[in-house]
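A.B. asks: here are the coordinates; sequence isn't available:
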């Protein structure tokens, strides 16, 4: 459903910690409905300098929670003539965490040894080599510490702290130095940052009474970073509940930004509206706003929305607000990867155009669940589609869409919805389960083309019509029929579970093919990776 005017009244809202496990570069945060993981980072001790040289404190080990950062090695001050060893770096976290930094040694009167590097990093982490000790008096420079083993590749921004970053905090003062010790406000930091610069947001609730405007431009290779502060376990919550109805939370009109690890809540319109281009919004949430959680429009193009969640968005009339939207006057080349939209009053994703035409949007590993329903699960009066591919006032505009490895489940109306979209739609290795109709493209205002391959339908299928169709190797063809026995699980509740430590989608058994299912190796090659003699049907490829 499109929104043409401001809503006349402001709905009340109270924040609940929902959505996902949050992590920024190895720091675990709060999970929602399915559990909580807290970090237990150790702190390095500080050795006291004595007459003969104190011994460096040993850093605390990395926490046992998913992806903690190891403790920082102790710093020691040399006594007169002493021999000092730097503190030992903290152990790496068990999952996704970076290992501790090696301890450093201050200049002393005696010789000094370089710190030993942290233990091997957990999966996704990195390890810093120990710093060389600085010799004093008769001693030469200490030997360099030995580097620990690197973990397997991780996601998100680097652990290293930008030494030139601006800092904002819930208790920041506008005009302050914008340092860690003297943080400023977000609004003030946004006016001071430039291409290649970084703004760190300290954890906690920011009570905001007006729209945050991200107007500056970065450059290719010099993004402007707006991120949670990496060492903080608590994420920054941008609370717009005091703004008036019709007021957006964040306007991103600049180009080349990277927004990471923030939660936007309870705006009077969109939580975030993007009209700029070449931006990345990652591992962030948008919830309980009075219009679409995150919307792209006004020519926005070539943006990447990655590992984000949008949920419980609803207007006061309980009929509008999508999870995500690339609609109306949006530009082309926007991509959603690993995103989830659930319990939004209108659609999970809305692609309705006015007046943009012949634009293309891509979706990879995105999940739309229970849209058209209120936060409490009751049905509202919105459209209730999982992925609304397009549509327009004159029923003549083309929104070309590509869906790969996507899931639509439990949505009130259609899982993948035509809505008079006249463009070309491609659906590859996707799944639609228990929607009003799963994949529904009608003959009225017919689409230019429809390609559906290697896709699962459980429940009411719907129509697959277009001027040109290529619909093959799906679960309802070639004598196949998908049923519960084909899958390890069909419990869709797990689709809303906590994200992994790096922000990626949770590992789940839902719709994974059971051993012996005839849907294994029954697909056709569509240039996506597969393991067997042919691709599996569905969004998850089996390990052979």
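C.D. replies: Done, it's in. A quick note: this is a predicted structure, and the numbers were derived from the prediction, not measured.

A.B. asks: Quick one: residues contacting the closest residue to residue 391 other than its chain neighbours.
C.D. replies: Nearest non-adjacent residue to residue 391, counting by C-beta to C-beta, 6 or more residues apart in numbering: residue 419, 3.7 Å away. Quick note: C-beta positions are derived from backbone N, CA and C, even for glycine. Listed by C-beta atoms under 8 Å, 6 or more residues apart in numbering, the contact set of residue 419 reads 352, 385, 388, 389, 390, 391.

A.B. asks: Contacts only, for the first one.
C.D. replies: So the one you mean is residue 352. By C-beta under 8 Å, 6+ apart, the contact list for residue 352 reads 2, 325, 327, 328, 388, 390, 391, 392, 399, 419.

A.B. asks: Could you chop the chain up by domain?
C.D. replies: 23-157, 159-496 (automatic domain parsing).

A.B. asks: Now the weakest link among the ones you listed, please, by mean pLDDT.
C.D. replies: Mean pLDDT per stretch puts domain 23-157 lowest among the domains of the chain, at a mean of 34.

A.B. asks: would CSV of the domains of the chain with distance to residue 506 be doable?
C.D. replies: Shown next, in CSV, are the domains of the chain (distance: least, C-beta to C-beta, whole Å):
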stretch, distance to residue 506
domain 23-157, 8
domain 159-496, 7
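
A.B. asks: Would you check that residue 300 makes contact with residue 331?
C.D. replies: Yes. Look at residue 300 against residue 331 with C-beta atoms under 8 Å: they come within range, at 5.3 Å.

A.B. asks: Let's check: the centremost residue of this protein is which one?
C.D. replies: Nearest to the mean C-alpha position of the chain, counting by C-alpha atoms, centre = their mean, stands residue 283 at 2.2 Å.

A.B. asks: I'd like the contacts of residue 419 as CSV, with secondary structure and distance to residue 497 appended.
C.D. replies: As requested, those are exported to CSV (DSSP: H, G, I helix; E, B strand; the rest coil; distance: C-beta to C-beta, whole Å):
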residue, secondary structure, distance to residue 497
352, coil, 30
385, coil, 23
388, strand, 25
389, coil, 27
390, coil, 30
391, coil, 32
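
A.B. asks: about what we covered before: among the contacts of residue 352, which are in strands?
C.D. replies: Of the contacts of residue 352, the ones assigned to strands by DSSP state E are 325, 388, 399.

A.B. asks: Who is the second one paired with across the strands?
C.D. replies: So that's residue 388. When bridges are called by DSSP bridges, residue 388 pairs up with residue 350, residue 417.

A.B. asks: residues near it, how many?
C.D. replies: By the criterion of other C-beta atoms under 10 Å, residue 388 has 31 neighbours.

A.B. asks: Might one say that it is in contact with residue 417?
C.D. replies: Yes. Contact criterion C-beta under 8 Å: residue 388 and residue 417 qualify, at 4.7 Å.

A.B. asks: Overlap in contacts, these two.
C.D. replies: Contacts common to residue 388 and residue 417, judged by C-beta under 8 Å, 6+ apart, are residue 347.

A.B. asks: Compare residue 300 and residue 331 and say which is more crowded by neighbours.
C.D. replies: Taking neighbours as other C-beta under 10 Å, residue 300 and residue 331 compare with residue 300 leading, 25 against 20.

A.B. asks: Distance check, that one against residue 282.
C.D. replies: For residue 300, the distance to residue 282 (C-beta to C-beta, to the nearest Å) stands at 16 Å.

A.B. asks: And the helices in the stretch 101-250 of the chain, which stretches?
C.D. replies: Remark: helices assigned in the stretch 101-250 of the chain by DSSP state H, counting those that start in this stretch are 186-192.

A.B. asks: and stretch 349-363, how far apart are its ends?
C.D. replies: Taking C-alpha to C-alpha, to the nearest Å, stretch 349-363 runs 10 Å from one end to the other.

A.B. asks: can you give me how far that stretch is from the chain middle?
C.D. replies: Chain-centre distance of stretch 349-363: 22 Å, with C-alpha atoms, centre = their mean, to the nearest Å.

A.B. asks: Check stretch 377-394 too.
C.D. replies: Using C-alpha atoms, centre = their mean, the offset of stretch 377-394 from its chain centre is 23 Å.

A.B. asks: So which bits of that stretch are buried?
C.D. replies: 380, 382, 383, 384, 385, 386, 387, 388, 389, 390, 391, 392 (16 or more other C-beta atoms under 10 Å).

A.B. asks: thinking again about what came up before, could you provide the contacts of residue 419 in a markdown table, with additional columns for distance to residue 187?
C.D. replies: Below are the contacts of residue 419 laid out as a markdown table (distance: C-beta to C-beta, whole Å):
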| residue | distance to residue 187 |
| --- | --- |
| 352 | 32 |
| 385 | 36 |
| 388 | 34 |
| 389 | 37 |
| 390 | 36 |
| 391 | 37 |
